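Visitor: next input, structure requested:
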Amino acid sequence: MSQTHYRTTPDLTEKMPKVMPSILLSEACERYAYYSLMAILAVFLKNHLMTGSGDPANLTETQVTKYTNMFQTVCYFTPVLGALISDMFWGKFKTIMIFATVFCVGFLAMTLDQSYLGIICGLALIATGTGIIKPCLSANVGDQFGSANQHLISKAYDLFYWSVNIGATFSMFLAPIVLAKFGPKWAFGTSGGAMVLATVTYWMMRKKLAHIPPKGTGFVKETLSREGLMVIVRLFFFLYIFVAVFWSLFNQTMSKWVLQAQKMNLTFFNWSFSQDTFLGKLLSVVHLDTVTWDILPEQIQAVNSLLVVMAIPIFTFVIYPLINRVFPLTPLRKVALGFFVAIPSFAIPAWLEGRIASGDMPSCWWQVLAYVFITAGEVMISIPALEFSYTQAPKKMKSFIGSLNLLSISLGSLFVVILSQFIENPDGTSKLGGPAYYWFFTGLLAATGVIFCIAIQFYKGKTYIQGEED
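Guide: Just a heads-up that it's a prediction; the model follows:
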């Protein structure tokens with residue numbers, strides 16, 4: 001899979017690179033595969049996981065939360081390996097193709113075996129595959145831009161993140177239905193099919209991509225140079241450790257929030273018109289005078305991705321320009337605002353836990369409101385952090401710095417794993433149960449936002465773009 005006959009520099013154009021539509025399609029399919037797994041993983045572990053003898057595993061909620069976050073921890077730790085492999089040896093394209101195949105094999109293992117053995121093997125392969133290709137995929141977007149069109153990088157990453165959430169929206173809506181109606185084999189099998197499509201799509205655009213060659217020892221020298229080490233230190237202590245706190249909250253929407261939704265009123269939509277009225281008689285002709293739509297607890301996650309798809313253009317073309325009229329809105333300032341915007345996202349579930357504990361079944365629409373706040377925080381934190389990481393990374397360290405950005409997600413999940421282990425009682429109950437669990441994270445995010453606002457006043461960095469002279 002030699003890359004010597006491929007183009008090694010970006011197109012000299014002031015427009016968006018021609019290969020962007022194919023990149024976005026492949027990314028949407030890859031994210032469909034990953035998020036369809038995340039959408040159903042908590043419910044699968046709680047209700048469908050089997051022991052080696054064929055008996056139900058019967059995991060507790062604390063165990064499900066812990067194991068789900070352990071998987072996410074590995075998924076966002078392995079990007080460091082992917083960055084090292086691509087930047088030193090294989091380059092981004094070859095690394096993507098090989099480990100995308102590993103990704104596919106992981107789904108095959110889970111499709112064939114839903115016992116501990118099949119699931120552990122499958123999740124290990126998926127965590128390795130998805131993690132290693134993550135920094136390569138995001139850095140490869142920036143590699144398609146040169147000095148003439150670098151002004152479009154921000155919009156390109158907005159589109160990239162938009163395609164991520166297009167795939168996630170469909171996956172989080174469809175995967176729970178497939179699991180409920182056809183079982184785990186079909187659910188994991190369809191997710192694997194989406195990953196196969198993503199892999200084939202990426203391979204087909206190989207001649208259109210700019211393949212930035214691996215830097216070999218040049219990567220090591222630049223990384224270990226004073227400049228390279230200072231970039232790592234600055235980004236880690238001024239950005240990534242703070243962003244990790246946000247991800248410790250966000251990642252629980254795929255575990256803790258799903259388990260909370262199981263105790264809520266899941267009627268998402270309900271109307272009833274009397275046939276004594278003209279509208280009721282008219283709707284009764286097509287059997288729409290009474291409509292009730294109950295959703296599955298896992299499907300509420302689709303709200304996040306759908307809101308992201310809508311929020312990105314709103315923030316890009318409306319909210320950010322309005323804020324810019326008041327003060328210049330840099331990526332770091334976007335992140336700072338995002339912390340405070342996201343604070344109500346865990347205060348609402350805390351209130352819901354109190355109502356559930358008192359015997360109520362609050363409407364799932366309250367979780368939708370919580371998703372509005374955490375989605376706004378995600379858009380203001382995740383995309384600017386991704387863009388800022390790429391521009392602050394020296395040319396030979398693009399994938400590696402991208403992997404450190406993803407490592408912040410891993411650190412967030414790892415914090416939840418450690419906390420879950422610490423608060424779990426021997427009988428499976430929690431020392432930090434009910435609303436207290438959510439209030440803890442609400443306060444943690446507020447404190448993080450305040451400290452981050454102070455810290456970024458002292459940040460000093462430099463921008464590096466492919467195609468520009470050093």
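
Visitor: endpoint to endpoint, stretch 174-194 covers what distance?
Guide: Looking at stretch 174-194, the gap from its leading to its trailing residue is 12 Å under the measure Cα to Cα, to the nearest Å.

Visitor: what's the answer for stretch 319-330, then?
Guide: Start-to-end span of stretch 319-330 (Cα to Cα) is 13 Å.

Visitor: state the mean pLDDT of it.
Guide: Stretch 319-330 comes out with an average pLDDT of 92.

Visitor: got it, and stretch 435-446?
Guide: The average pLDDT for stretch 435-446 rounds to 96.

Visitor: got the contact list for that stretch?
Guide: Residues lying outside stretch 435-446 but in contact with it, judged by Cβ atoms under 8 Å, 6 or more residues apart in numbering, are 245-246, 248-249, 252, 256, 339-340, 342-343, 346-347, 349-351, 353-354, 357, 423, 430, 432. Heads up, the C-betas are built off the backbone N, CA and C, glycines and all.

Visitor: what about 10 Å?
Guide: Residues from elsewhere that reach stretch 435-446 (Cβ atoms under 10 Å, 6 or more residues apart in numbering): 65, 245-246, 248-249, 252, 256-257, 260, 339-340, 342-357, 370, 374, 377, 415-416, 419-420, 423, 430-432.

Visitor: and stretch 67-81, end to end?
Guide: Start-to-end, stretch 67-81 (Cα to Cα) is 22 Å.

Visitor: list the buried residues for stretch 196-213?
Guide: Buried positions in stretch 196-213, judged by neighbour count with 16 or more other Cβ atoms under 10 Å: 196-199, 201-202, 205-206, 208-212.

Visitor: for the residues you listed, give me JSON lines that also has secondary structure.
Guide: What follows is these, written out as JSON lines (DSSP: H, G, I helix; E, B strand; the rest coil):
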{"residue": "196", "secondary structure": "helix"}
{"residue": "197", "secondary structure": "helix"}
{"residue": "198", "secondary structure": "helix"}
{"residue": "199", "secondary structure": "helix"}
{"residue": "201", "secondary structure": "helix"}
{"residue": "202", "secondary structure": "helix"}
{"residue": "205", "secondary structure": "coil"}
{"residue": "206", "secondary structure": "coil"}
{"residue": "208", "secondary structure": "coil"}
{"residue": "209", "secondary structure": "coil"}
{"residue": "210", "secondary structure": "coil"}
{"residue": "211", "secondary structure": "coil"}
{"residue": "212", "secondary structure": "coil"}
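
Visitor: and the closest residue to residue 171 other than its chain neighbours, what does it touch?
Guide: Ranked by Cβ to Cβ, 6 or more residues apart in numbering and with sequence neighbours excluded, the top spatial neighbour of residue 171 is residue 36, at 3.6 Å. For residue 36, the contacting residues are 107, 167-168, 170-176, 178-179, 187-188, 190-192, 194-195, taking Cβ under 10 Å, 6+ apart as the criterion.

Visitor: from residue 294, how far off is residue 36?
Guide: Counting by Cβ to Cβ, to the nearest Å, the gap between residue 36 and residue 294 amounts to 21 Å.

Visitor: ok, residue 232 - contacts?
Guide: Residue 232 sits next to 223, 240, 393, 397, 400, 401, 404 when contact means Cβ under 10 Å, 6+ apart.

Visitor: surely the first one touches residue 87?
Guide: If I follow you right, that is residue 223. Yes: taking Cβ atoms under 10 Å as the contact criterion, residue 223 and residue 87 are neighbours in contact, 8.4 Å apart.

Visitor: what's the neighbour count on residue 155?
Guide: Residue crowding around residue 155 was assessed by other Cβ atoms under 10 Å; the count is 13.

Visitor: in this structure it contacts residue 16, no?
Guide: Yes: applying Cβ under 10 Å as the test, residue 155 and residue 16 come out as touching, 7.7 Å apart.

Visitor: ok, now which ones touch the residue nearest to residue 141 when sequence neighbours are not counted?
Guide: Nearest residue to residue 141, sequence neighbours excluded (Cβ to Cβ, 6+ apart): residue 160, at 5.2 Å. With contacts taken as Cβ under 10 Å, 6+ apart, residue 160 has the following neighbours: 20, 23-24, 27-28, 137-138, 140-142, 383, 386-387.

Visitor: same deal with residue 339?
Guide: By Cβ under 10 Å, 6+ apart, the contact set of residue 339 is 242-243, 245-246, 377, 380-381, 445-453.

Visitor: what's the answer for residue 151, then?
Guide: By Cβ under 10 Å, 6+ apart, the contact list for residue 151 reads 14, 145.

Visitor: residue 97 contacts residue 137, correct?
Guide: No: using Cβ under 10 Å, residue 97 is not in contact with residue 137, being 11.6 Å away.

Visitor: more neighbours: which of these two?
Guide: residue 137 (26 against 17).

Visitor: now for the helix or strand where that one lies, which elements pack on it?
Guide: If you go by DSSP states H and E, residue 137 is part of helix 116-143. For helix 116-143, the packing partners by 3 or more Cβ pairs under 10 Å, 6 or more residues apart in numbering; DSSP states H and E come out as helix 20-47, helix 61-75, helix 79-85, helix 91-112, helix 153-182, helix 184-204, helix 365-392, helix 398-423.

Visitor: of all those, which one is nearest residue 331?
Guide: Ranking the helices and strands packed on helix 116-143 by their distance to residue 331 (criterion: Cβ to Cβ) puts helix 365-392 first, at 3.7 Å.

Visitor: ok and the closest one relative to helix 116-143, angle-wise?
Guide: An angle of 50 degrees separates the directions of helix 365-392 and helix 116-143 when computed by axes from the mean of the first three to the mean of the last three Cα atoms, to 10 degrees.

Visitor: chain center to helix 365-392: distance?
Guide: The gap between the average C-alpha position of helix 365-392 and the chain average comes to 10 Å, counting by Cα atoms, centre = their mean, to the nearest Å.

Visitor: and it, average pLDDT?
Guide: For helix 365-392, the per-residue pLDDT averages 92.

Visitor: what angle do it and helix 153-182 make?
Guide: Helix 365-392 and helix 153-182 are oriented at 140 degrees to each other (the same axes, to 10 degrees).

Visitor: where does the protein have its least confident helix or strand?
Guide: Within the chain, confidence by mean pLDDT, DSSP states H and E is lowest for helix 278-284 among all helices and strands, at a mean of 64.

Visitor: for residue 302, which non-adjacent residue is closest in space?
Guide: residue 172 (3.7 Å).

Visitor: distance of that neighbour relative to residue 166?
Guide: Separation of residue 172 from residue 166 (Cβ to Cβ): 11 Å.

Visitor: any shared contact partners between the two?
Guide: Shared contacts of residue 172 and residue 166, defined by Cβ under 10 Å, 6+ apart, comprise 32, 305, 306.

Visitor: ok, and the most crowded of those residues?
Guide: For these, counting by other Cβ under 10 Å, the largest number of neighbours falls to residue 32: 27 neighbours.

Visitor: that's all I had, so thanks and see you.
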